[in-house]
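Q: okay, sequence plus prediction incoming.
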Amino acid sequence: MVLDDFLRYARRRDSTVPGRSPSEEALSDSSRIITSSLFRRLQTKAQVFSLEQNAAVRSRLTHSLEVACYGRWIAHDIYHKLNSGKHLSNPDLYLPFVLTVENSCLLHDIGNPPFGHLGEYAIQSWIKNNYSTLENEIKKFCGTKGVGYLDSLCQYDGNPQGFRFVTKLQWLNDENGLNLSYPLLASMLKYLKSSPSKQSSAFTSKIGFFSSEKDIVEDVWRFFEMHIDNNGEPNMRYPLTFIMEAADDISYCVSDIEDALEKGVLTENHIFSNCDSMPSIAVEAFSKCNDLNESSAARHSKYIVFKTRIARVLAERASEVFAENVDSICSGQFRQSLLDYHSDTKEVVEYLKDITRKHVFTSREAIHIELSGFHMIHEIMDEMLSLWRLGKEDFCKIMPDCDGTPARNELQKERRLATLLPRRHCLAYRHFVSEEPDMEQYWRLALLIDYISGMTDSHAYKVYRMLKGTNVGLV
């Protein structure tokens, strides 16, 4: 297969505008993403520092925009390296190729819950802490299929939750979510399984989708005639995913440090005090800083020049590696990150990540709010569990826009908790239950997880205070 073969466009539900070109399909994807409330909510989700008041410090939204910028840059360079040969030989594919990479970058963090990676761990740990209770009930009502879905959910992560959001939960008027194109859905999947593989590799160290969305993944992979295993799960990555991954790696390894400088968590001395230990790419980038006139330079300008040079080198090297290995990438034989391919690029990425691990992620500013966020998520989920414990009929009576009504003195607290559930998630839940009535107990649990996952940091804080009785609006 050649790259052209991976830029065929289709959607789960046929577009209401027939006969669109690949460029028009990719532009439609861009509009669906950028105009969605799902994307807008990233503006109040943390990149590193939760509930941050300084607008110069990145949120998930500004981080995603930067990743998209790097992705567009790398894709543009790859196109011009390849389009004179057998790959990308159709000039009409320039825009869809670049836009699909850019769109996947915009979506790469779309499923992140509140409070960043510790928020992911909080949801995962809550499910595992309550596993016995959840398993007993789901096994009783949903059988082995429900338990299989639960086991996949135990590996909760922002990547599969993001795939679930865009394919099912961003409900407009049916169950197809944003109804994004198959190239874009495929490019979102950094990880290839719905459960961790015993033989862990770069593509299976985490899950890429929940078992409940496996049918969509299988449809997409069959559409492109890509390799799948006997369980209907992918055995190879979609080629454009490598570019999205490289763009993300470049962005966060340089940008998290800049945010720490902005907040005063780090100083430039932390980065430049021991130049002898720097990798070769970092040494060369640092040499460019010597041209600065420090008396007239802006704050943190030395680091900005340094990170700009490193980002440029990493983007150029990523495009070179992709172009040189495009045949093995398209055949599923390439099994590593573009930036891991050469030792010097791998070394500088690890060097920068090590700075963030030692000085940024462990800072009081990051840790204190994350620990508070961990506690908030557990408390909210404990409260919402009372909705899951209800019988199916009672739960149906208290859902928004329900037909039934509980008796006057019944389910007073639960009726009020149910009003917090987003309407579009409730519509998706009702559809899932209508399709698989025997799986209702699982779909209700998924509804509660979906609700928590969609919260911004500030909304999670607001709901937590409300449930604890400390935010009742009294004068």
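A: Sure, I can see it. Numbers count the residues shown, from 1 in each chain.

Q: pretty sure A122 contacts H378?
A: Yes: using Cβ atoms under 8 Å, A122 makes contact with H378 at a distance of 6.0 Å. Where you see a C-beta, it was placed from the backbone N, CA and C, and this is true even at glycine.

Q: neighbour-wise, which of the two wins?
A: Shown here are A122 and H378; by other Cβ atoms under 10 Å, A122 has more neighbours (25 against 16).

Q: can you give me the buried ones in the helix or strand where that one lies?
A: Taking DSSP states H and E as the criterion, A122 maps to helix 116-129. Of all the residues in helix 116-129, those buried under the rule 16 or more other Cβ atoms under 10 Å are G116, L118, G119, E120, Y121, A122, I123, Q124, S125, W126, I127.

Q: which residue, neighbours along the chain excluded, lies closest to the spatially most central residue of the chain?
A: The chain has D109 as the residue nearest its centroid, 2.9 Å off, counting by Cα atoms, centre = their mean. Closest residue to D109 in three dimensions, ignoring its sequence neighbours and counting by Cβ to Cβ, 6 or more residues apart in numbering: R60, at 5.0 Å.

Q: Y121 too?
A: Using Cβ to Cβ, 6+ apart, the nearest residue to Y121 is F374, at 7.3 Å.

Q: what's the angle between the strand or helix carrying that neighbour and helix 116-129?
A: Secondary-structure assignment from DSSP H and E places F374 in helix 364-389. Interaxial angle, helix 364-389 versus helix 116-129 (axes from the mean of the first three to the mean of the last three Cα atoms, to 10 degrees): 40 degrees.

Q: mean confidence for helix 364-389?
A: This predicted structure assigns helix 364-389 an average pLDDT of 88.

Q: same check, this time on stretch 121-136
A: 95.

Q: who touches it?
A: Outside stretch 121-136, the residues that touch it by Cβ atoms under 8 Å, 6 or more residues apart in numbering are 113, 115, 147, 150, 153-157, 373-374, 377-378, 381-382, 385, 445, 449, 452-453.

Q: what subset of the residues you listed is buried?
A: 113, 115, 147, 150, 153-157, 373-374, 377-378, 381, 385, 445, 449, 452-453.

Q: still on that earlier bit, downstream neighbour of the helix holding F374 in the secondary structure list?
A: Defined by DSSP H and E, the subsequent element after helix 364-389 is helix 392-398.

Q: what comes up buried for that following helix?
A: D394, F395, C396, K397, I398.

Q: need the residues you listed in CSV with distance to R430, can you?
A: Formatted as CSV, the buried residues of helix 392-398 follow (distance: Cβ to Cβ, whole Å):
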residue, distance to R430
D394, 16
F395, 11
C396, 9
K397, 14
I398, 14
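
Q: between these, which sits nearest S255?
A: F395 (43.3 Å; Cβ to Cβ).

Q: what's the separation between the closest residue in space to R12 that isn't next to it in sequence and V166?
A: Leaving out its chain neighbours, the residue that sits closest to R12 by Cβ to Cβ, 6+ apart is N176, at 4.8 Å. Distance of N176 to V166, computed by Cβ to Cβ, to the nearest Å: 10 Å.

Q: who has more neighbours out of those two?
A: More crowded of N176 and V166, by other Cβ under 10 Å: V166, with 24 against 17.

Q: residue contacts, that one?
A: L38, L107, I110, G177, L178, L180, L185, M188.

Q: wait, the fifth one sits on I33?
A: Think L178. Yes: counting by Cβ under 8 Å, L178 does reach I33; the two are 7.1 Å apart.

Q: okay, and the common contacts of those two?
A: With Cβ under 8 Å, 6+ apart, L178 and I33 have no common neighbours.

Q: show me the helices in the stretch 151-300 of the chain, by range?
A: 158-164, 182-187, 214-223, 240-263, 268-272, 280-287 (DSSP state H, counting those that start in this stretch).

Q: helices and strands of this protein: which one has the lowest mean pLDDT?
A: Least confident helix or strand, the chain: helix 268-272 with a mean of 79, by mean pLDDT, DSSP states H and E.

Q: quick one: it to chain centroid distance?
A: 31 Å (Cα atoms, centre = their mean, to the nearest Å).

Q: how about I449, phi and psi?
A: Phi and psi for I449, reported as degrees, to the nearest 10, are phi -70, psi -40.

Q: can you give me the distance of E370 to F361?
A: 9 Å.

Q: out of the two, which sits in the more crowded spot?
A: Taking other Cβ under 10 Å, E370 and F361 do not tie; E370 has more neighbours (22 against 17).

Q: quick check: closest non-adjacent residue to that one.
A: L118 (4.2 Å).

Q: I'd say that neighbour and H368 touch.
A: No: the pair L118 / H368 is not scored as a contact, 11.3 Å apart, by Cβ under 8 Å.

Q: can you check the pLDDT for the closest residue to E175 other than its chain neighbours?
A: Nearest residue to E175, sequence neighbours excluded (Cβ to Cβ, 6+ apart): H431, at 4.8 Å. On pLDDT, H431 comes in at 94.

Q: count the neighbours of the residue lying closest to D4 once chain neighbours are set aside for me.
A: Excluding the flanking residues, the one nearest D4 by Cβ to Cβ, 6+ apart is N90, at 5.7 Å. Residues within reach of N90, counting by other Cβ under 10 Å, total 13.

Q: then the one 10 residues further on?
A: Using other Cβ under 10 Å, T100 has 30 neighbouring residues.

Q: what backbone torsions are found at the residue nearest to E175?
A: Dihedral angles for H431 - degrees, to the nearest 10 - are phi -60, psi -50.

Q: I'd like to know how far it sits from I78.
A: 39 Å.

Q: do the same with P22
A: Where I78 is concerned, P22 sits at a distance of 17 Å (Cβ to Cβ).
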